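[1] Any chance you can model this:
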Amino acid sequence: MAIFSPHPHSSQSTEQQLPATSIPAPAASGTTASEGTRAKQLADRIRMRFAQTLIGQVNLREALITTMIAGGHILIESVPGLAKTTAAQTLATSVSGSFRRVQCTPDLMPSDLVGTQIFDFSRQRFSTQIGPIHANFVLLDEINRSNAKTQSAMLEAMAEGATTIGGKRIALPKPFMVIATENPIEEEGTFTLPEAQMDRFMMKAVMTYPSAADETRMLSMLTSRGTDVVDPTAPAQNALSIADVDFLRSAARRVHVSEAIMNYAVDLVATSRGAGSHPIKNLATKVRLGASPRASISLVRVGQAQALLNGRDYVIPEDVKKFVHEIMRHRILLTFEAQAEGTSPDQIIDSIVETVPVP
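    Purely as a prediction, here's the structure:
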């Protein structure tokens, strides 16, 4: 059963992208100082919205904002009750675009997500009814509870930016961003996401329990607010427009990336595959599959977004390393021996970052 909540405003726009093989020169097509200032102001407006709904979880907030600017999708993992859904709704309601929430269940079918064709007896013809995934921001709550057939429909939407209904391809609105959540501790009635779909997420954020001080602040906020949930239909003050999101994405794509930075991103990813300029000894005993080239693409795109948010028109190594764990942790598959020893992907990433020389 799909449950969705419409945002009061819906809009479509066209995202401007440079060709994948084109590297912009900072003097000719890079971002300007005024664009960097505007980008920071827009990001601060989103942060103000988060301050009204979420206590702590600064890293998750920045991961959501950065993923949106970089043009990717994000998977949020945590045990129940850590405000995964609240965080996703907060980002979506910070922008005056359309928003839908889908509660994933084992009986959720692809037509419940993408839409279907309904026969209109009055007109004696089929009409297309689009599903909740046709929105600017889509929250797939507990995505690992959906079956494999439905997950394949999600994969098509995330990969192609379009859905297929009755043999007809229907483009999704732009910008389009999937925010998925999953609970890692439950196995009954769940379907593990395949590697192909995990790889489509630009980041995988892992939420941890709040500190005692943050939990006390959370209780204080809830008692003063009078409600425990965020109303996704309530108009947010000072919300960003779709044009603002398009500006952030296009400005980030124009941030200069030097060849040394690109080589650094490739080296990080190649090292996870047992290659790279400084291979890690005996890595094959711990890692059976390293990160794909999508990881290096994500490192560069996230680096551009981070540089823009920091007011720079060029990427530095710290921009690339900022979210290296979120970008690579779901793309590294461990061997059974490593899992038995309690090794985590984050530990492997730590050793990769320490081994690969910074340019």
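
[2] switch to C-alpha atoms for all contacts and neighbour counts from now on
    Will do.

[3] Tell me where the chain has strands.
    Assigned by DSSP state E, the strands in the chain fall at 74-77, 99-103, 115-120, 125-130, 137-141, 162-165, 168-171, 177-182, 203-206, 287-289, 333-334.

[4] so can I have a markdown table of those showing distance to Arg45, mean neighbour count and mean pLDDT?
    Shown next, in a markdown table, are the strands of the chain (distance: least, C-alpha to C-alpha, whole Å; neighbours: other C-alpha atoms under 10 Å; pLDDT from 0 to 100):
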| stretch | distance to Arg45 | mean neighbour count | mean pLDDT |
| --- | --- | --- | --- |
| strand 74-77 | 21 | 23 | 93 |
| strand 99-103 | 18 | 23 | 90 |
| strand 115-120 | 34 | 14 | 82 |
| strand 125-130 | 32 | 13 | 81 |
| strand 137-141 | 18 | 26 | 91 |
| strand 162-165 | 30 | 20 | 86 |
| strand 168-171 | 29 | 12 | 87 |
| strand 177-182 | 19 | 24 | 92 |
| strand 203-206 | 22 | 24 | 93 |
| strand 287-289 | 40 | 17 | 92 |
| strand 333-334 | 37 | 20 | 92 |
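
[5] Contacts only, for the spatially closest residue to Met177 that is not a sequence neighbour.
    Excluding its sequence neighbours, the residue lying closest to Met177 (C-alpha to C-alpha, 6 or more residues apart in numbering) is Phe137, at 5.0 Å. Contact partners of Phe137, counting by C-alpha atoms under 8 Å, 6 or more residues apart in numbering, are Ala92, Gly97, Ser98, Phe99, Arg100, Phe176, Met177, Val178, Ile179.

[6] could these go into CSV alongside distance to Gly72?
    CSV is the format used below for the contacts of Phe137 (distance: C-alpha to C-alpha, whole Å):
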residue, distance to Gly72
Ala92, 14
Gly97, 16
Ser98, 17
Phe99, 16
Arg100, 17
Phe176, 9
Met177, 7
Val178, 8
Ile179, 10
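
[7] what's the farthest-apart pair in those residues?
    Farthest apart among these by C-alpha to C-alpha are Gly97 and Ile179. That separation is 14.5 Å.

[8] and the residue of the chain positioned farthest from its centre, how far is that from Ile130?
    Within the chain, Ser122 marks the point farthest from the mean C-alpha position, 42.8 Å out by C-alpha atoms, centre = their mean. For Ser122, the distance to Ile130 equals 20 Å [C-alpha to C-alpha, to the nearest Å].

[9] Pull the contacting residues for Leu113.
    Contacts of Leu113 by C-alpha under 8 Å, 6+ apart are Ala2, Val102, Gly131, Pro132, Ile133, Thr150, Ala153.

[10] The same query, at a cut-off of 7 Å, please.
    Gly131, Pro132, Ile133 (C-alpha atoms under 7 Å, 6 or more residues apart in numbering).

[11] so where's the stretch 101-250 of the chain shaky on pLDDT?
    186-189, 230-236 (pLDDT under 70).

[12] Just list whatever residues bridge to the residue nearest the centre of the chain.
    Nearest to the geometric centre of the chain sits Ile74, at 2.1 Å (C-alpha atoms, centre = their mean). Beta-bridge partners recorded for Ile74 (DSSP bridges): Ile179, Met203.

[13] mind starting the numbering at 51 from now?
    In the new count, where the first residue is 51, that last one comes out as Ile124.

[14] follow-up on the earlier one: right, and out of the contacts of Phe187, which lies closest to Met312?
    Nearest to Met312, judged by C-alpha to C-alpha, of those is Met227 at 25.1 Å.
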